[in-house]
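**Q** A predicted structure for the sequence below; I have some questions about it.
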Amino acid sequence: MKFSDLKLTTPYLSLAPLFYDRVEPTPLEKPFVIATSQDAAKLLGINEDISLDEELVKILNGERRLKGSQPFAMCYAGHQFGYFVPRLGDGRAINLGKVNGQNLQIKGAGLTLYSRQGDGRAVLRSSLREFLISEAMYGLGIATSRALALIGSDTDVTRQGWEKAAIVLRLSPTWVRFGTFEYFNAAGEPEKLQQLADYVIDESYPELKNTQEKYLKMYAKVVQNTAKTIAKWQVYGFNHGVMNTDNMAIDGRTIDYGPFAFLDTYDPNYICNRSDTQGRYSFRGQPGIAHWNLSQLALALSPILNHEAALELLEDTFGDVYESEYTHLMYKRMGLQTKEEKDLSLLKLMLRSLEQSVIDYNAFFRKLSVYSGKRNEILDLALHYEYLDRWLDTYDARLEKENHTDEQRHTSMLEVNPKYILKNHILQEAIEKAQKEDFSMIKDLLHVALAPFDEHPELEYLAQQTPLQFKNIKLSCSS
Ligand code: AMP
Ligand code: MG
């Protein structure tokens, strides 16, 4: 099957016209393919090389339609930095339709009814970041939208000076957001709310169809899925940067990548988004914000479910699901296969030591994965080694209670502790090259993004330590 032979359906258009804007993409000038992910293409049942599909660029650029495609933008609202905005919507993303359970969307495809003051475009810089991080999150085992292809163009847009516009073709089993429900609640449209909930159940939670209290059950699933995704963010040191309710997917996966970052040195107070002056979306704050966002979703759903029961469910499950997912994965990263009473305090002590030591978070775990008593390799990564040195005393004692060999522990730890993390400094290097029309790094980055736990000796340069001037930098959210 070729990409250009796909046949799409548009189930979202069976909802009332208030849900969307039927809109045609506005093509970019002189579009060209920069990168493709064959791995993402597999999701659509494509087995032919998509980079050889001559129609690909035309389809991304809206010059050619896939069979069955009826382009549209979705309407939603959202809490942005805690303040409710009654109408947002896809201001620059245009949905093409659905195939194999994946909704295709071209981001940066031009103006829609929801563009407000925006130009409907996305710049190369942010599109390249979204393309790579979508695939990298998947590579790490974190639920995410995916990216099939990235095109560049000769169209100029103004952001940080003049920049070139680009388009990413992204895929997700759902593009419904918490904010989609917030829109219909605020608009005083309880029937639409119910139609949307039925649509979401069909699309994302079909096992709930024809069950009692299905909307409450749907809400319970959203709570669980969100808690699990956020736990994984915290486990791998991912800071999303803009956790507005319009950027929260109804199936809990990570979507809408903006000024995101992976932690360099372990600093729980890190805030990747330069515009976030209050630190609302700091790394440490993410679980609490997810909880708050879920409480807003409960409110939005209140006309169609028992609001008190939903809030009770949130209190009863979010923290537990989050904690159990988080500790389960962290113990794996630490190489603990048996359970001991003091493991949680060992984990907390480790985090405190990492913070005091000033050490690269993910590099620490990679080194810990091959640790067998020689401390220098780990301690050399730290600015202040004494805290970790002391923690390793406790860790050594704890390892003695494990009943597997060092080798077995190393093997299992290397499977969960990535060697390759898409740090901002490396993305920045790829962006600067791309802006000079050298796209050579992108292929390499995509390769390691999809297999971050493996060794790639020829791509060692992508696993280098973050240069001092780039450590935990803040990013602009202009995109
Ligand atoms: P974001 O923070 O990127 O998720 O965007 C927030 C809202 O602004 C969404 O409704 C976007 O569709 C919209 N938006 C962002 N950038 C643009 C743009 N350049 N043109 C039109 N709408 C935009
Ligand atoms: Mg968004």
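**A** Received the coordinates, thanks. All figures in this text were calculated on a predicted structure; none of them were measured in a lab. Ligands and ions are numbered 1, 2, ... in the order given.

**Q** Other residues contacting stretch 287-305?
**A** 79, 178, 181-182, 184-186, 190, 193-194, 197, 213, 215-216, 219, 222-223, 226-227, 230-231, 234, 243, 245, 248, 280-281, 307, 310-311, 314, 318-319, 322 (C-beta atoms under 8 Å, 6 or more residues apart in numbering). Every residue, glycine included, has its C-beta placed from N, CA and C.

**Q** Could you give me the PyMOL selection string for whichever of those are buried?
**A** In PyMOL, this line selects whichever of these come out buried by 16 or more other C-beta atoms under 10 Å:
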select buried, resi 79+178+181+182+184+185+193+194+197+215+216+219+222+223+226+227+230+231+234+243+245+248+280+281+310+311+314+318+322
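
**Q** Just the ones in helices from the contacts of stretch 287-305, please.
**A** 178, 181-182, 184-186, 190, 193-194, 197, 215-216, 219, 222-223, 226-227, 230-231, 234, 307, 310-311, 314, 318-319, 322 (DSSP state H).

**Q** Point out the residues in the chain that sit beside ligand 1.
**A** Taking C-beta under 6 Å from any ligand atom as the contact definition, the chain meets ligand 1 at 88-92, 114-115, 118-121, 242, 247, 256, 258.

**Q** Mean confidence (pLDDT) on the lengthiest strand in the chain, please.
**A** In the chain, taking DSSP state E as the definition, the longest strand is strand 161-172. Averaged over strand 161-172, pLDDT sits at 98.

**Q** Counting by contacts, list what that strand packs against.
**A** Strand 161-172 sits against helix 56-60, strand 102-107, strand 122-123, helix 124-140, strand 146-152, strand 156-159, with contacts defined as 3 or more C-beta pairs under 8 Å, 6 or more residues apart in numbering; DSSP states H and E.

**Q** Looking at the ones you listed, which is nearest to ligand 2?
**A** For ligand 2, the closest of the helices and strands packed on strand 161-172 is strand 102-107, at 9.5 Å, according to C-beta to the ion.

**Q** Show the pLDDT at the residue nearest to residue 137 when sequence neighbours are not counted.
**A** Spatial nearest neighbour of residue 137, excluding adjacent residues (C-beta to C-beta, 6 or more residues apart in numbering): residue 144 at 3.8 Å. As predicted, residue 144 sits at a pLDDT of 99.

**Q** go on, residue 359?
**A** Predicted confidence (pLDDT) for residue 359: 97.

**Q** oh, and call the first residue 662 from now on, that's how I've got it
**A** Got it, the first residue is 662 from now on, which makes the last one we talked about residue 1020.

**Q** so how far is ligand 1 from the closest residue to it other than its chain neighbours?
**A** Nearest-residue entry for residue 1020: residue 1043, 4.2 Å, with adjacent residues in sequence omitted and distances by C-beta to C-beta, 6+ apart. Noted for residue 1043: a distance of 36 Å to ligand 1, by C-beta to the nearest ligand atom, to the nearest Å.

**Q** name the element residue 1043 belongs to?
**A** Under DSSP states H and E, no helix or strand contains residue 1043.

**Q** ok, now how distant is it from residue 1014?
**A** Distance of residue 1043 to residue 1014, given as C-beta to C-beta, to the nearest Å: 9 Å.

**Q** Look at the two and report which has more neighbours.
**A** A side-by-side neighbour count of residue 1043 and residue 1014, using other C-beta atoms under 10 Å, places residue 1014 first with 24 against 21.

**Q** Need phi/psi at that one.
**A** phi -70, psi -40 (degrees, to the nearest 10).

**Q** List the contacts of the residue of the chain found nearest ligand 2.
**A** At 3.7 Å from ligand 2, residue 917 is the closest residue in the chain, using C-beta to the ion. For residue 917, the contact set (C-beta under 8 Å, 6+ apart) comprises 903, 907, 908.

**Q** Thank you, goodbye.
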